[in-house]
Structures are given as structure tokens and as C-alpha cells.
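A.B. asks: after the sequence you'll find the predicted model.
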Amino acid sequence: MAHVGDLPCDGDGMCMLCKEKPPEEERLLCRTCVTPWHVACLTVKPETLASAADWECPDCSAPPPTADAGIPAAAAVGVTAASAGSSGELIAAIRAIEADATLSEAEKARRRQRLLGGDGGAEGEVRTRGCEGESDCASFRCSICIEILDRPVTTPCGHNFCLKCFEKWIKQGGHSCAKCRAPIPSKMKSQPRINLAIVAAVRMARAKSTPSGADPSKVYHFVHNQNRPDKAYTTERAKRAGKANAASGKIFVTIAPDHFGPILAENDPIRNQGVLVGESWEDRLECRQWGAHLPHVAGIAGQSGYGAQSVALSGGYEDDEDHGEWFLYTGSGGRDLSGNKRTNKEQSFDQKFEKLNEALRISCKKGYPVRVVRSHKEKRSSYAPEGGVRYDGIYRIEKCWRKAGTQGFKVCRYLFVRCDNEPAPWTSETHGDRPRPLPVIKELKGATDVSERKETPAWDFDENENVWKWTKPSPLSRKPALVHNVDDNTMTVLRRSYKKSARQRIPREFSCLICQKLMTQPLTTSCAHNFCKACLEGVFVGQSFVRERTRGGRTLRTQKNIMNCPTCQFDITEFLKNPQINRDLMSCIEQLQQQLKDAEEEEGSIEDKSNDAADEKLKDETDNVEADDADAADEKMKNETDNVEAGDADASDEKLKDGTDNVEAGDAEEDGNTVEAEDTVKQGDDTINNPSNGPPKTRKYKRKVPVEQKGTRRSKRIKITREGEEQGDNSPSSPLHVLSDNDDFE
DNA sequence: GGGCCCGCAGGG
DNA sequence: CCCTGCGGGCCC
């Protein structure tokens, strides 16, 4: 080679040729291996700025890419590198990146690439190949370019690279894995194949990291009470005007009633801005109409077995303790509501983790975002609004427990900590929350039934993007919704099933080509087919790599026993001698299994809600999970270090599989249709986009039955005599629209 | 300000 | 269908 005599700088920055330490301007970093070289000592120096920007050291490039017109960045470099002025400046800039101790290696690589003209400095390329969810995608980076894997190929040693990077590596004379130096078979060198399982994994990680956790082109709309008046109104049944007994007006936002997290612009067809932190409303009914907190009376919105979406701080429970960015919330119940009461200051029995309290506990366990509204009725808090009800943003429940309340009976307690991208209404900061250490809670001493989150939270802070966001897909609504089909501008009513979707999220590519189940300890052959380790080894069990031959008492030369890939008959004999688990793929599958398990847990009936049973259940679940994980990890280690012996691997594999079996990837038959279109209507007749449209057409909310027959059970329990109010009219002062038979609502 | 009342909404 | 529920208005 032309550059045989070239040598880089050593670890101290000393040029290994001239034995001098070159000044910064004279050092050039290889774009591939980032090794510094002394420019003056290079036999072939980069001639232009662009080539300096894209320079590869003699070790990494066959012919120096000086005149390589094929570099895609030719134009882009003009923007970034040229703006750097001279190669000296460029190199200085690169060095600055290298020297920045605050950057991770991955971030350094990304910045280097950006500077070196990979994408002209625009976020575009980095974002398209980069991944929003760093944590999700971290394991899917190419070891050569440090970018998210593009057209991934897998070496027999179980390492994944971009096809382009791999080819380049081979072209430069690489004979061994760029990561672990294990030899690469010639067949793979000449014809690397894309590993579709990795493709699926990367796609999934990307989809997961989009804010909605779903296909962003599809926004799910839930239309609720759309035919109602804009304002709360008094039904015929109600005897009195005024909001005390009024029915809610229409819901202006299109979130599902069990929607978690902030209400975004996409679900705010009226204003197209979503519900912003600090917005406030006259009262709970108005607050409800904007979706921040739906229940009219209850403080907790949620479903046991699913989670809680929002809470209201209104001073209803004296044990509450508000510190703004964090607060202690008290569960519901424990009160005697007989006598037709809706609330009662007096506790008269213990609260339990059931119903809404259990819903909160699930949000805690999962790390779901919980919307918080504060009402002016919370008099003891400095953070309560002057009047009305205010949306204060997203909080997470970090812990929950039970303890004796001030009235002596046990209450459920929740530690809420703010985690919103917008600053709280009371803070002078201009930015949202950063993760903060948990406050020390004195009352935790002596608390019982303590639970805290064991798993990674579904809503979490992304250090790279500096935002709180979904790090797992947000829970799918259990309610039917409308989906806006962008293509034909129709709205389709969808019914989505949580369980189905969880299953359906498993790409077919993740199933073993032998057992058809979700792979355990996946192996990727040189022909890019994926199998469970145990399955593939099972195919060749009892076979040896060589055949002893004898003829007439003479021992002949042993013959190689050819073993072919079960799917394509490719010769994988060499691969089988030392098959390595594709660990990136495995961790992805493991994550997926956990999610699926969680989803199915939630789907599974949680009928038995006696407090103790629930406690036990939760405890058991978390314990088991931990135990399983530990086992799996142990087994993993063992199997990877062991030299492969088919029979011996079986036992441990069996164990692994047991924990996770019956998960059939791509099992679309049984319940594969995750979405059932029930009805499609043309959008445009104001169903969604115009909330203040013409007269409502349904009479659902019209009560025609005489009041006397409609007493609730609670009303029956006590005698309610209000004869004097028979003519209870609508006082002119009441802003409420009162429906009567004359009203044009039919 | 405190007590009482009761229609609504939603969970189960 | 029954039960629950950190509302809101009005009366005292």
C-alpha cells in the first residue's frame, strides 16, 4: 500500500514517526476510528478542506479518500466544514468536541459526524438515523459508525453493523469482527445479509420513542358528549337551576376518557393548542369539559386494574400536604356517605388500596403521567389558585403507602412529584421540571403497605432531548375512539383492545423459524436467519462436525459433516461450532416480553380487590419479575461462556422458555385484528372540528321520566321533602341553559 | 361559614 | 343496576 510507512500519534499525542507532539492544527482525526495523526508526517495529505473533513486514516481507508467525489456530503460539507474556515479551525473544533468531558462517547461521535459534514449540520440526518429514545435504541447502534443500525447485518459472533459499514470494513481488509475481532467467514464477507429481526427491533424502538407511542400519522380521537350544549345545563330531571345539579356541557377535547398524560394540540380541534399548564376554569364542570380532570365530584380519575389519569387537589382531605412541585395526596373512601352525602369530612373507617386508590397505585407502579388540577377550595395550600380550578401539569406518583390519618383511621397516601415540560404556574423558571431527588417523607416511618415503582417509568425524562416523554407506549385506551384517516378524510370508529395490541406489537421477525415462538437466546446465522439457540442446536443434536470413516479396518481421513441452515440450506457448519447469541436482539425481545406480560397482567381480571389480596398480588408480581430477570441473566451468562454443547444447553434454555412461552409472535389469527372498524363517517359535518355546531341531535341526556320515579337509591334512603321547590324556576341570574320540551334539541 | 341537599358521571 | 364521589347552590 502507498501509505505503508504511516503511523498515528500515540496515546500521549506523540507522533510515532517524528516522535514529536504535533500542535493541534497539525493533528488530524480519522473520521472512522478517531485516531489522531500528524498531518506533516502523512505520506498522502488531505488536499482540500472537504477531504480533511472526511479524512480517514491509512488504517481505515484503502486509498485515501482525497478525491472521493462520491462522498455524499460533498454539498453538505460546504455548509459546515467550509464555515469552519480552515482545516486548522475544523480540527480545533473536533478537538473541542473530543475534549468535552460532559459528552458521552456516542454524543461525541454524533457531533463529529455532524461537523465532518455528515448532514450539513442540520438535525435532519441525525434525527432520521438517530433515535428519539436513546435508551430504547442504544443497543441498536452500529459499532463502527455509532449511528442507529441501518440495514443491519449480524456477524456469527453476534454483533450487528450497518451493511454499509460492514462492507467498508471488509473492503478495507477487515477479516475479523470490528467489535470483538472474531473471524468473519468468507461467505459473509462476500455476501452479507440483512438481519430482518434487527430491522424490526430498530423500527419498534423508533416507534416507541415517538411521543404518542403510536403511529404519529394517526391521531386517535374520542368524541364525547359532542352533541351537548357548550355549557353545563340543567336537565329536566333536576329541580334546581345552577351548576349544583347540572349536567356537563360537551367535552371540547378529543382525548379518550382514559387518556394518560398531557392533552396535546392534536386532541384540541377547537384551539389546536392542547391544554396548557396554568389554564384555569370556573369550576369542576368546566374543567371537565377541557378534559384535564373528568370526574365532576371525585378527586381521582381512574380505573382499578388500569391506572389513574388525573387527580384534583381541592382540600377535600385534611391529610393532604402540598409543596407545589411535590405533594402528598390522600386516597378516597373511608367515609360514611350515607344520608345522601357526596363528601364527608369525617373518616369513619380505613381506606384500602381498591377502586380509585388502586388505580393510583397502578399509575405509581407503572410510572404513568398523572394530570393534576388544583382548586381554590384547597385553602391550606400556597399553591392553590385564587379562584376556580387550574391545570398544573403532569406529576408522577413515586411512592404510595398507608398510614393512620389525622383522624386515626388508615388512609392511602401518595407521593406526587412534578415532571412536566412546562414550568409550574407558580415558578419563575422558564423551563419545566428536571428530575429531582425524592423528598424525605417522615411519615414513611411507620407506614404500611408501602409500594414504589420497580420498573422503569412509562413517562420519564430523556436526558438527550431534555424532555419528559413516554419511554414506553402509552397505555391504549380501553374505550372506543374515532381515528382520523388522513388519506380520505374520514373518521372511523375504532375499538382497540389492549391485549390484542400488545400481542400485535410483536413483529413476526422475532419468532424462531423452528419453534415459531418468540425467540429465546436468539442466534443469527451467517445467512441471516434467526433461531432460538436451543432450537437450532436441537436440529443437529447428536451430530458431530466430523465423520470418522473406516474402510476394511483402515482408518480413513475424517470427513467434514456439513450442516445446513434449516430454512435456506446454507452451510452453517462453521457457525455452529461457536454460535454466539445476538445480545442486542435478545435484550429487545426480553423488553418486549416484559411489556407483553405487563399488558396481559392488566388485561387479566383483577376482580379480587380485597385489600390484602391486592397487596399480596402486587408484591408477588414484583418479586417474581425480579427473580425471573435474575435467573434469565444468570442463564444467559452461563450459556454464553459455555462452549456450546447442544444437550447441555437444553436445560437452561428450557427454563428460560418456561417463563415466557406461549408468546407467539405474529399470532394474528386468534386476536390479530387489533382494530375493528365499526363505522366510518365523513368528517366535515362538524362532528369534531366544530364544537359549537348546530343543535344536538341526540336526546340521550333528556330525561323525560317524572322526577318522582327517578329517585336514586341514596335519595330513597332518606326522606327528601322539598315540596316548596316544586316551581323551582330558573333564576335569571343563572347562566345555565335549561332544557325544556320546547328546546330544539330533538 | 357551615350544613344540607341531590343530579350527574363513571366504575364495576 | 348499584355504589361512590376532594361539587356547587342555597338555606340557616
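C.D. replies: Looks like it arrived, so ask away. Numbering: from 1, shown residues only, chains lettered A, B, ... in the order given.
A.B. asks: residue ranges in the stretch 51-200 of chain A under the pLDDT threshold?
C.D. replies: Residues of the stretch 51-200 of chain A meeting the criterion pLDDT under 70: A:51, A:53, A:59-138.
A.B. asks: ok, now with 50
C.D. replies: A:62-88, A:90, A:115-135 (pLDDT under 50).
A.B. asks: and for the stretch 601-746 of chain A?
C.D. replies: Using pLDDT under 50, the flagged stretches of the stretch 601-746 of chain A are A:604-712, A:716-746.
A.B. asks: now do the same contact list for A:Cys379.
C.D. replies: Residue A:379: Lys, not Cys. A:Gly315 (Cβ atoms under 8 Å, 6 or more residues apart in numbering). The way it works is simple: take the backbone N, C-alpha and C, and place the C-beta from them, glycine included.
A.B. asks: so for it, what's the pLDDT?
C.D. replies: Listed pLDDT for A:Lys379 reads 93.
A.B. asks: checking my notes, it in a helix, right?
C.D. replies: No: per DSSP: H, G, I helix; E, B strand; the rest coil, A:Lys379 lies outside any helix segment and is coil.
A.B. asks: residues from the stretch 101-250 of chain A in reach of DNA strand B?
C.D. replies: A:224-225, A:235, A:237-239, A:244-248 (Cβ under 7 Å from any atom of the strand).
A.B. asks: burial check on the residue in the stretch 251-400 of chain A positioned nearest to DNA strand C, number of neighbours?
C.D. replies: Of all residues in the stretch 251-400 of chain A, the one sitting closest to DNA strand C is A:Gly316 (2.3 Å; Cβ to the nearest atom of the strand). A count of nearby residues for A:Gly316, using other Cβ atoms under 10 Å, gives 19.
A.B. asks: and if you look at A:Asn578?
C.D. replies: Considering only other Cβ under 10 Å, A:Asn578 is surrounded by 12 other residues.
A.B. asks: sorry, back to before: among the residues of the stretch 101-250 of chain A next to DNA strand B, which ones are buried?
C.D. replies: A:224-225, A:237-238, A:246-248 (16 or more other Cβ atoms under 10 Å).
A.B. asks: need the residues you listed in JSON lines (columns: secondary structure, pLDDT and distance to A:Lys345).
C.D. replies: As requested, these are exported to JSON lines (DSSP: H, G, I helix; E, B strand; the rest coil; pLDDT from 0 to 100; distance: Cβ to Cβ, whole Å):
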{"residue": "A:His224", "secondary structure": "coil", "pLDDT": "82", "distance to A:Lys345": "32"}
{"residue": "A:Asn225", "secondary structure": "coil", "pLDDT": "81", "distance to A:Lys345": "32"}
{"residue": "A:Arg237", "secondary structure": "coil", "pLDDT": "92", "distance to A:Lys345": "29"}
{"residue": "A:Ala238", "secondary structure": "coil", "pLDDT": "93", "distance to A:Lys345": "26"}
{"residue": "A:Ala246", "secondary structure": "coil", "pLDDT": "97", "distance to A:Lys345": "24"}
{"residue": "A:Ala247", "secondary structure": "strand", "pLDDT": "97", "distance to A:Lys345": "27"}
{"residue": "A:Ser248", "secondary structure": "coil", "pLDDT": "97", "distance to A:Lys345": "26"}
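A.B. asks: who are the neighbours in contact with the residue of the stretch 251-400 of chain A closest to DNA strand C?
C.D. replies: Counting by Cβ under 8 Å, 6+ apart, A:Gly316 has contacts A:299, A:343, A:377.
A.B. asks: pretty sure A:Thr330 sits against A:Val411.
C.D. replies: Yes: taking contacts as Cβ atoms under 8 Å, A:Thr330 lies within contact range of A:Val411: 5.0 Å.
A.B. asks: settle it for me: which of the two has more neighbours?
C.D. replies: Neighbours per residue (other Cβ under 10 Å) separate A:Thr330 from A:Val411, with A:Val411 holding more: 26 against 22.
A.B. asks: mind listing what that one touches?
C.D. replies: A:317, A:319, A:330-331, A:334, A:347, A:350-351, A:402-405.
A.B. asks: same thing but 7 Å
C.D. replies: A:319, A:330-331, A:334, A:351, A:402-403, A:405 (Cβ atoms under 7 Å, 6 or more residues apart in numbering).
A.B. asks: please name the nearest non-neighbouring residue to it.
C.D. replies: A:Gly405 (3.9 Å; Cβ to Cβ, 6 or more residues apart in numbering).
A.B. asks: circling back: anything in contact with each of A:Thr330 and A:Val411?
C.D. replies: The overlap between the contact sets of A:Thr330 and A:Val411 (Cβ under 7 Å, 6+ apart) consists of A:Asp319.
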